[in-house]
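Q: output the structure for:
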Amino acid sequence: MKNNIVMRLPPFVRAIVVNRPSKEIKSPYMADIKVPGEPESQLCHSPALGCAGLIIPGANVLVQPKSSKSAKSKYSLDLVDLGNTIVGANPMFCNSMVKTALLNGWVQSLPQFSDDQIKQEHTIDESRFDFKCEKDGKTYLIEVKGVPNASAQDPPVMPSKSKKKKKGSVEDDGIENGDKEENSGKSVGLISYFPDGYRKQANDPISPRAMKHIQHLEKIVESDSNTVCALVFVIQRSDCVIFQPTKGDPLYRKAVYQASQSGVLILPHVVSWSEDGAATWTPQCLPMNLKDESDKY
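A: This is a model prediction of the structure:
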């Protein structure tokens, strides 16, 4: 495990979130943070928006100073420190980490690939998949999803609408902050779930894009025996004991189960972040629940 490093980031600066969105720039991708030694709050880019309700006022975060003087923000928010675990908060890291894992043969059920066997962002019909790999006459199509979400139960308990909301405490990605202790990282042995967020319509999937990807992978694997299709979930936290497609989205949950039955590999891998910016990949997949007695399929 000590040698399975898939990413190592430059030294971080510890900070505390003051506002998101920033009071200076009202974009949901911008936050105000308090950095030790700085008399005023600083602008910080938050690539994961609210990171499923984790990036809220008072949150302890690890940020990287930006080298570009022309950037609107001075820092990038990449990790959230929950106390018992550090959560990866930059979704752009996931594909890079998966590629490193592929090069080292650390993705369960997939072979080790050389760099020239890996092509990133491969388009087939209406879908663009993260990786197309070729080895020994076989094609491997791999889609990657980052997972920062975890809770003691799934779907997580949402706070009462009648409860007075604090200014700046409601995220645009489906979680009201500060009210879900089960999502705060204070408990050990949580459920990692995907996806999370609002629906436009009650009968819609949470993520139409994620739904399109899993259905297309199933279609490909059913029609082409020479192609291996895999969906890799990168769980960027170390406090989870099981992964599942969320029961809060029965359409997507059923689609993932059906795809797995058709032969699509469902591969939830944990990445553990350290305070010094090292990301360690766990080669064995996390146990998963794709169907249980409560599911009606």
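Q: confirm residue 217 sits in a strand?
A: No - looking at residue 217 with DSSP: H, G, I helix; E, B strand; the rest coil, it is helix, so not inside a strand.
Q: element containing the nearest residue to it once chain neighbours are set aside?
A: Nearest residue to residue 217 in three dimensions, chain neighbours excluded: residue 229, at 4.1 Å (C-beta to C-beta, 6 or more residues apart in numbering). (Each C-beta comes from the backbone N, C-alpha and C, glycine too.) In this assignment (DSSP states H and E), residue 229 forms part of strand 227-235.
Q: what's the next secondary structure element after that strand?
A: Toward the C-terminus from strand 227-235 - assigned by DSSP H and E - lies strand 240-245.
Q: avg pLDDT for that following strand?
A: Mean pLDDT, computed over strand 240-245, is 98.
Q: what about that strand, distance to the chain center?
A: 13 Å (C-alpha atoms, centre = their mean, to the nearest Å).
Q: can you list contacts of that strand?
A: 147, 150, 154, 189-194, 233, 235, 252-253, 256-257, 268, 270, 286-290 (C-beta atoms under 8 Å, 6 or more residues apart in numbering).
Q: just these: which are in helices?
A: 252, 253, 256, 257 (DSSP state H).
Q: most widely separated two among the residues you listed?
A: 252 and 257 (9.8 Å; C-beta to C-beta).
Q: quick one: the helices in the stretch 1-150 of the chain?
A: Secondary structure of the stretch 1-150 of the chain, counting by DSSP state H, counting those that start in this stretch: helices at 93-104.
Q: output the below-cut-off pLDDT ranges for it.
A: Applying pLDDT under 70 to the stretch 1-150 of the chain flags the ranges 1-2.
Q: then the stretch 151-297 of the chain?
A: Checking the stretch 151-297 of the chain against pLDDT under 70 turns up 158-188.
Q: for it, what spans make up the strands?
A: Using DSSP state E, counting those that start in this stretch, the strands of the stretch 151-297 of the chain run over residues 190-194, 227-235, 240-245, 265-273, 278-281.
Q: the first one pairs with which strands?
A: Each strand that pairs with strand 190-194, with its direction, by DSSP bridges: strand 150-151 (antiparallel), strand 240-245 (parallel).
Q: list the buried residues in the longest one.
A: Going back to what we said before, that points to strand 240-245. By neighbour count on 16 or more other C-beta atoms under 10 Å, the buried set for strand 240-245 is 240, 243, 244, 245.
Q: and which of these is nearest residue 296?
A: Distances from residue 296 to the buried residues of strand 240-245, taken by C-beta to C-beta, are shortest for residue 245, at 14.3 Å.
Q: so who does residue 258 touch?
A: Contacts of residue 258 by C-beta under 8 Å, 6+ apart are 218, 297.
Q: quick check: buried residues in stretch 42-55?
A: 42-46, 48-55.
Q: give me the distance between the residue located most distally from the centre of the chain and residue 238.
A: For the chain, the largest distance from the centre (C-alpha atoms, centre = their mean) belongs to residue 39, which lies 33.1 Å off. In this view, residue 39 and residue 238 are 35 Å apart by C-beta to C-beta, to the nearest Å.
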